[in-house]
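> when you get a sec, could you give me coordinates for this:
(one chain, ligands or ions: 2)
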Amino acid sequence: MTADARDVTLSEVMFDRTEFRSEDQMKMQFRLRTLAHRALAFGIPVTLVMGGSFGARLAAQAGEGARQVETARHDDDDRYRDSRRDEGRHLFEKEKFGGNGRTCLTCHTRETGTISPAEAQELFARNPNHPLFRGDGSDDGVGGGAQRMLTDATVLVRVPLAANVSLVADPSARSVVVRRGIPSTINTPSLDPILMVDGRFGSLEAQARGAIADHSQGTEVPTAKQLEQIAVFERTEPFFSSNAVESLAFTGRAPGLPRGRTASEKRGRRFFEDVPLGPGNSKEGTCAVCHSGPMMNETNQFFPAPPFGRGGRFQTILVSELNQAGNPVIDFLFKNTDGSTTVVSSPDPGRALITGSVSSPDSLNAFKIPTLWGVANTAPYFHDNSAKTLEAVVRHYKTFFEIISNPGADGDPTIELTDEDQADIVAYLKLLK
Ligand code: HEC
Ligand code: HEC
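Ligands and ions are numbered 1, 2, ... in the order given. Modelled structure (predicted):
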């Protein structure tokens with residue numbers, strides 16, 4: 001195994017920074033800088049640049065979906081559509097496909113589209129044999145122990161490895177198990193064509209097929225029609241956080257940023273405005289560089305790295321790198337296109353497992369930028385559920401911005417989130433219904 005100059009050992013950034021003496025600290029900060037520049041400085045897959053109007057794109061998508069799921073003769077038949085939706089609801093909420101007793105609803109509740117540790121604890125108190133704690137919801141993956149679910153509400157997700165990626169400890173393995181939270185099914189099915197935190201599915205049907213096999217350990221294979229019915233149901237009214245977001249799905253009209261009523265909310269809004277990041281500016285537009293667009297889930301044109309720009313969907317905000325969740329760190333071996341190899345140590349390299357790329361910075365430890373609509377109701381946060389509250393999310397961003405805008409080295413502005421900033425941002429996030 002050759003570790004070349006590009007070898008990125010991410011444990012390098014898993015440290016308590018106060019422990020370092022000055023020389024070490026300087027070196028470390030330099031590395032962090034490099035890493036962080038890569039994190040922020042690139043990262044837009046050209047293929048994902050939206051171009052044109054989002055509305056047109058959505059309309060095109062909706063058309064595509066309809067074509068897929070419908071034959072022409074049924075197009076205008078409301079009764080047919082209703083029956084598909086009702087079938088879909090039944091499949092989502094009740095059907096077990098001969099598996100471990102789980103349905104989609106086991107993990108994606110009606111209220112929040114996800115499961116929090118508090119909900120897991122409630123279910124466990126009522127019934128320790130609840131289906132949530134089976135299979136990939138248990139500590140050992142085969143039904144033993146519920147501790148992880150009760151504290152973090154994460155699932156053992158098996159992700160296939162890209163052809164050029166292997167595990168150092170088990171070179172013949174073709175997949176890896178990582179701990180991931182349950183992303184909310186609110187808003188996403190209708191409005192995000194990129195599914196899963198690493199973007200590995202591109203259609204609700206393919207996603208549902210995977211969910212039935214992996215989470216429900218289904219012994220009955222769903223038919224194409226059933227998968228389509230599930231998808232139809234997931235695009236209906238209960239799956240939206242608000243009328244404004246539902247209207248976006250059907251008309252393409254974006255909700256727009258709420259103005260905010262209190263002084264704190266108004267200050268909070270500044271972070272989400274599409275404005276250039278100016279020198280010395282540590283507020284305006286700093287969240288919008290990644291949470292922009294109608295869904296607040298794509299990079300904007302002020303992302304500090306031309307020629308990229310609007311429409312990027314994957315980024316790292318150092319969640320895997322800092323590993324606050326304390327998840328087991330796995331060594332991955334990436335064979336690069338130039339023949340060199342790179343060892344990556346990470347609890348979850350995210351998008352890189354799919355792309356096989358460590359050099360493209362929207363890949364390594366990068367995750368899908370999630371929508372912020374309805375976010376106040378969908379705790380916990382981040383792909384590993386490491387932030388249990390919005391306050392914890394914003395604390396993480398304080399650290400993130402400190403690291404990436406490490407002052408002094410080349411005169412970059414420092415982005416510092418003060419206590420007031422953090423409170424303002426949380427207040428504003430709660431307005432995003
Ligand atoms: C054991 C709990 C569990 C069950 C049961 C389950 N899911 Fe999920 N679901 C997850 C997890 C975990 C992810 C994210 C995994 C990842 O990103 O790798 C996910 C992701 C999704 C996503 C993508 C969300 C996004 O933001 O990209 C959709 C849609 C979804 N599930 C629908 C379903 C459907 C439909 C069913 C039933 C057929 C189902 N799920 C059953 C845990 C579950
Ligand atoms: C460099 C791009 C980037 C910037 C800048 C950024 N975010 Fe994020 N945001 C992401 C990504 C990527 C994730 C998902 C991370 C993960 O799962 O590991 C995320 C996740 C979140 C979440 C959790 C959502 C969920 O459903 O789990 C919230 C809330 C959030 N960001 C708010 C903010 C706020 C507030 C700011 C500004 C202080 C901000 N973001 C700045 C890229 C960014």
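
> residues of the stretch 151-300 of the chain that sit close to ligand 1?
Within the stretch 151-300 of the chain, the positions adjacent to ligand 1 are 155, 157, 180, 182-183, 185, 188-189, 195-198, 204, 207-208, 211-212, 215-216, 230 by CB under 6 Å from any ligand atom. Bear in mind the C-beta positions are built from the backbone N, C-alpha and C, glycine included.

> tally of neighbours for the residue lying closest to residue 113 once chain neighbours are set aside?
Counting by CB to CB, 6 or more residues apart in numbering, the nearest residue to residue 113 once its immediate chain neighbours are dropped is residue 184, at 3.5 Å. The tally of other residues near residue 184 (other CB atoms under 10 Å) stands at 22.

> pretty sure residue 184 contacts residue 112?
Yes. If you go by CB atoms under 8 Å, residue 184 and residue 112 touch, sitting 6.1 Å apart.

> do stretch 422-433 and ligand 2 meet?
Yes. Interface with ligand 2: stretch 422-433 contributes 425, 429 (CB under 6 Å from any ligand atom).

> least trustworthy helix or strand in the chain by mean pLDDT?
Least confident helix or strand, the chain: helix 22-41 with a mean of 34, by mean pLDDT, DSSP states H and E.

> run through the strands of this structure in chain order.
155-160, 165-167, 175-180, 314-315, 330-335, 341-346, 367-368 (DSSP state E).

> just name the most buried of the ones you listed.
Among the strands of the chain, ranked by average contacts under mean count of other CB atoms under 10 Å, first place goes to strand 314-315 (a mean of 26).

> quick check: nearest residue in space to residue 245, chain neighbours excluded?
In space, residue 245 is closest to residue 373, 5.0 Å off (CB to CB, 6+ apart).

> just to revisit the earlier point, export the strands of the chain to a markdown table and tack on mean pLDDT and distance to residue 292?
Below are these laid out as a markdown table (pLDDT from 0 to 100; distance: least, CB to CB, whole Å):
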| stretch | mean pLDDT | distance to residue 292 |
| --- | --- | --- |
| strand 155-160 | 98 | 28 |
| strand 165-167 | 98 | 31 |
| strand 175-180 | 98 | 25 |
| strand 314-315 | 96 | 12 |
| strand 330-335 | 98 | 30 |
| strand 341-346 | 98 | 27 |
| strand 367-368 | 98 | 14 |
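
> got a list of what the residue nearest to residue 113 touches?
108, 112, 113, 114, 374, 377, 378 (CB atoms under 8 Å, 6 or more residues apart in numbering).

> closest one of these to ligand 2?
residue 378 (5.5 Å; CB to the nearest ligand atom).

> for the nearest residue to the closest one once chain neighbours are set aside, give me the pLDDT.
Ranked by CB to CB, 6+ apart and with sequence neighbours excluded, the top spatial neighbour of residue 378 is residue 184, at 4.0 Å. pLDDT, the model's per-residue confidence, is 98 for residue 184.

> what's residue 184 sitting at in phi/psi?
Torsion angles at residue 184 (phi, psi; degrees, to the nearest 10) stand at phi -70, psi 140.

> now the helices: where do they sit in the stretch 301-433 of the chain?
Using DSSP state H, counting those that start in this stretch, the helices of the stretch 301-433 of the chain run over 319-322, 352-355, 390-404, 419-429.

> which strands and helices sit next to the last one?
What it means is helix 419-429. Applying 3 or more CB pairs under 8 Å, 6 or more residues apart in numbering; DSSP states H and E, one finds that helix 419-429 makes contact with helix 263-269, helix 390-404.

> may I have it as PDB, with CA atoms only?
Output of helix 419-429 as PDB, limited to C-alpha atoms (Å, rounded to 0.1, in the frame of the first residue of the first chain):
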ATOM      1  CA  ASP A 419     -23.600  33.900  21.000                       C
ATOM      2  CA  GLU A 420     -26.000  36.500  19.700                       C
ATOM      3  CA  ASP A 421     -25.500  35.200  16.100                       C
ATOM      4  CA  GLN A 422     -26.200  31.700  17.200                       C
ATOM      5  CA  ALA A 423     -29.400  32.700  18.900                       C
ATOM      6  CA  ASP A 424     -30.400  34.700  15.900                       C
ATOM      7  CA  ILE A 425     -29.800  31.800  13.500                       C
ATOM      8  CA  VAL A 426     -31.800  29.400  15.600                       C
ATOM      9  CA  ALA A 427     -34.600  31.900  15.800                       C
ATOM     10  CA  TYR A 428     -34.600  32.200  12.100                       C
ATOM     11  CA  LEU A 429     -34.400  28.500  11.400                       C
END
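
> and the spatially closest residue to residue 110 that is not a sequence neighbour, how many neighbours?
In this structure, residue 110 finds its nearest non-sequential neighbour in residue 238, 6.4 Å apart by CB to CB, 6+ apart. Number of residues near residue 238 (other CB under 10 Å) recorded here: 13.

> can I assume residue 258 is in contact with residue 431?
Yes. Here residue 258 reaches residue 431: they are 4.5 Å apart, a contact under CB under 8 Å.

> which neighbours do these two share?
What both residue 258 and residue 431 touch, as defined by CB under 8 Å, 6+ apart, is the set residue 265.

> so what's residue 224 up against?
Residue 224 sits in contact with residue 205, where contact means CB under 8 Å, 6+ apart.

> typo on my end, residue 356
162, 163, 164, 165, 334.

> looking at those residues, spot the one nearest ligand 1.
Distances from ligand 1 to the contacts of residue 356, taken by CB to the nearest ligand atom, are shortest for residue 162, at 14.5 Å.

> separation between the residue lying closest to that closest one once chain neighbours are set aside and ligand 2?
Nearest residue to residue 162, sequence neighbours excluded (CB to CB, 6+ apart): residue 356, at 3.3 Å. Remark: distance between residue 356 and ligand 2 (CB to the nearest ligand atom, to the nearest Å) = 19 Å.

> what's residue 356 sitting at in phi/psi?
Residue torsions, per degrees, to the nearest 10, at residue 356 are phi 70, psi 10.

> want to throw the helices and strands packed on helix 419-429 into CSV with mean pLDDT?
Shown next, in CSV, are the helices and strands packed on helix 419-429 (pLDDT from 0 to 100):
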stretch, mean pLDDT
helix 263-269, 98
helix 390-404, 95
